[in-house]
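[1] requesting a structural model of the entry that follows:
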Amino acid sequence: MKARYKYRIYPNHIQTTKLNQLFGCCRYVWNQSLAHCNQLYAKGDKKPSYTDLTKQFITSAKKELIWLKNVASTPLQQSLKDLDQAYKNFFDSCKGKRKSIKAKPPKFKSRKSRQAARFVGANYKVGQDKIYLPKVGKIKIVWSRPLASQPTSVTIIKDSANRYFASFVVETNSEFMPKTNNSIGIDLGISTFATLSNGDKINAPKPLQKNLKKLAKFQHKFTRTEVGSKRREKARVRVAKLHGKIQDIRTDFLHKLSTDLVKKYDTIVLEDLNVSGMVKNRKLAKAISDLGWRKFRTLTESKCDKYGKEFRVINRWEPTTRKCSHCGFKGSKKKLNVREWTCLNCGTFHDRDINAAVNILNTPIIETVTQPITKVETIKAEVLETPVQLSIFEVVAEGQPETVKRTRRRPKTGSKSADSNDVSTRPEFKQLRLF
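    Residues are numbered from 1 along each chain as shown. A predicted model of the protein is given here:
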């Protein structure tokens with residue numbers, strides 16, 4: 001399996017200028033090729049292949065643009081390969097071949113956002129405390145951990161805070177940890193980040209919440225600077241550094257927690273949360289984004305695959321909060337401020353989060369998920385067999401009948417008012433016919 005190792009590098013002033021020139025050339029080749037593909041699409045023509053784009057925007061362009069010769073050619077070729085892969089992912093998503101989240105068409109790159117350039121093959125060399133890049137030189141690097149094997153590629157990254165990183169891709173083998181014969185269910189929340197089925201509760205550092213005042217102060221100073229001035233660039237870097245610090249604190253917490261859980265338990269069960277939909281709630285969006293639920297799931301799943309542990313995800317529609325973990329009775333829907341409740345069937349007192357974590361652990365995993373039949377399809381099937389009478393009674397989770405409230409129009413002026421005894425709680429029947 002492949003793994004990515006990321007390290008911090010410290011180029012000097014001359015190397016910084018050369019790297020910025022390299023990033024600019026890669027960005028130019030990407031944007032020009034993307035603009036050319038968009039023009040062909042507007043005319044109704046097909047997208048050119050990677051070979052045609054290389055001949056036009058690298059080989060032929062170097063004859064007119066001399067500054068393209070001052071940088072290595074490998075990152076320019078990799079930039080076009082990335083563009084070709086981005087188009088492939090987009091087309092596969094449109095055709096339904098891509099199983100993950102639907103990919104969007106590639107966009108133009110900006111010099112103000114994250115910059116990257118990839119070296120492959122034998123164009124770079126890894127030393128004891130430096131790495132050599134063609135037409136850039138030897139750059140100082142800090143090895144926080146040794147590489148697992150000889151890297152196949154290295155990507156030089158510059159983030160918005162003007163920090164430089166070297167990301168290596170290496171081939172690694174799966175490692176197997178000793179079995180503990182323990183399983184755990186995890187319920188993710190906002191006030192408490194993770195509640196385990198054994199009763200333990202883990203709190204998140206919430207770095208964004210702790211640095212909101214400082215961030216607001218920096219952003220206010222940034223908005224008061226003049227566009228294009230040096231003070232504005234300094235203020236922008238100050239805001240970017242604070243965002244980078246917040247991200248580093250969150251990522252460090254998630255890495256340590258996921259590693260600790262994988263070491264202690266053989267089976268880890270999570271709930272399939274719709275994080276992208278929950279973030280649309282303007283009251284909870286900032287708190288949810290500060291926790292990093294989706295990244296925690298990704299890290300835990302990848303580490304379980306690496307160390308030979310089992311990772312499971314249950315359906316998001318399972319009533320883990322309403323269901324009693326002792327007797328299985330399903331109660332009514334509970335608001336977020338209800339943190340403790342008592343089961344009406346067996347009288348067991350439950351902590352909301354611990355009960356949900358136990359239900360997550362005990363919920364069976366269904367291998368084949370069938371598409372649910374809609375109400376319209378059910379009614380059509382019954383009508384084809386024989387005309388039936390349908391009542392407006394519905395059955396709730398507890399098994400008790402509950403009537404459907406009907407909306408009434410207000411009576412016009414002068415018309416008789418509705419009888420006070422005439423309410424919509426009485427059953428009504430409707431005859432369905434084929435014609």
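[2] which stretches of the stretch 51-200 of the chain form helices?
    Taking DSSP state H, counting those that start in this stretch to define them, one finds helices in the stretch 51-200 of the chain at 61-64, 73-95.
[3] restricting to C-alpha, output the shortest one in PDB.
    Included here for helix 61-64 are C-alpha records, laid out as PDB according to Å, rounded to 0.1, in the frame of the first residue of the first chain:
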ATOM      1  CA  ALA A  61       5.500  27.300 -25.900                       C
ATOM      2  CA  LYS A  62       9.200  27.100 -24.900                       C
ATOM      3  CA  LYS A  63      10.200  28.400 -28.300                       C
ATOM      4  CA  GLU A  64       8.300  31.700 -27.700                       C
END
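[4] now the helices for the stretch 201-350 of the chain?
    Using DSSP H, counting those that start in this stretch, helices in the stretch 201-350 of the chain cover 207-210, 212-223, 230-264, 275-278, 285-289, 293-307.
[5] determine which stretch of those is the most buried.
    Of all the helices of the stretch 201-350 of the chain, helix 293-307 has the most neighbours on average by mean count of other CB atoms under 10 Å, namely a mean of 18. Any C-beta I mention is one placed from the backbone N, CA and C, and that applies to glycine too.
[6] so which of the helices of the stretch 51-200 of the chain comes closest to Leu19?
    Nearest of those to Leu19, taken as CB to CB: helix 73-95 at 10.4 Å.
[7] buried residues in that closest one?
    Neighbour-count burial for helix 73-95, counted by 16 or more other CB atoms under 10 Å, picks out 73-80, 83-84, 86-87, 89-90, 93.
[8] closest to Gly185 out of the residues you listed?
    Of the buried residues of helix 73-95, the one sitting nearest to Gly185 (CB to CB) turns out to be Ser93, at 32.9 Å.
[9] residues contacting the closest one?
    Lys102, Ala103 (CB atoms under 8 Å, 6 or more residues apart in numbering).
[10] gap between it and Asn274?
    19 Å (CB to CB, to the nearest Å).
[11] roughly how far does Glu271 sit from Trp317?
    10 Å.
[12] ok, the two, which is more surrounded?
    Shown here are Glu271 and Trp317; by other CB atoms under 10 Å, Glu271 has more neighbours (21 against 8).
[13] out of the helices of the stretch 51-200 of the chain, which gets nearest to Lys201?
    Using CB to CB, these put helix 73-95 closest to Lys201, at 39.1 Å.
[14] returning to what we had before: now distance to Ser302 and mean pLDDT too, for the helices of the stretch 51-200 of the chain, in CSV please.
    Converted to CSV, the helices of the stretch 51-200 of the chain look like this (distance: least, CB to CB, whole Å; pLDDT from 0 to 100):
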stretch, distance to Ser302, mean pLDDT
helix 61-64, 40, 92
helix 73-95, 20, 94
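[15] with distance to Ile354 added, can I get the ones you listed in JSON lines?
    Shown next, in JSON lines, are the helices of the stretch 51-200 of the chain (distance: least, CB to CB, whole Å):
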{"stretch": "helix 61-64", "distance to Ile354": "63"}
{"stretch": "helix 73-95", "distance to Ile354": "40"}
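[16] list the contacts of the residue nearest to Lys333 when sequence neighbours are not counted.
    Excluding the flanking residues, the one nearest Lys333 by CB to CB, 6 or more residues apart in numbering is Arg322, at 6.2 Å. Arg322 sits next to Lys330, Gly331, Ser332, Lys333, Lys334, Ala397 when contact means CB under 8 Å, 6+ apart.
[17] could you report the neighbour count for the fourth one?
    Think Lys333. Based on other CB under 10 Å, the number of other residues close to Lys333 is 10.
[18] and the first one, by the same measure?
    As a burial measure, Lys330 scores 13 neighbours (other CB under 10 Å).
[19] thank you kindly, that will do.
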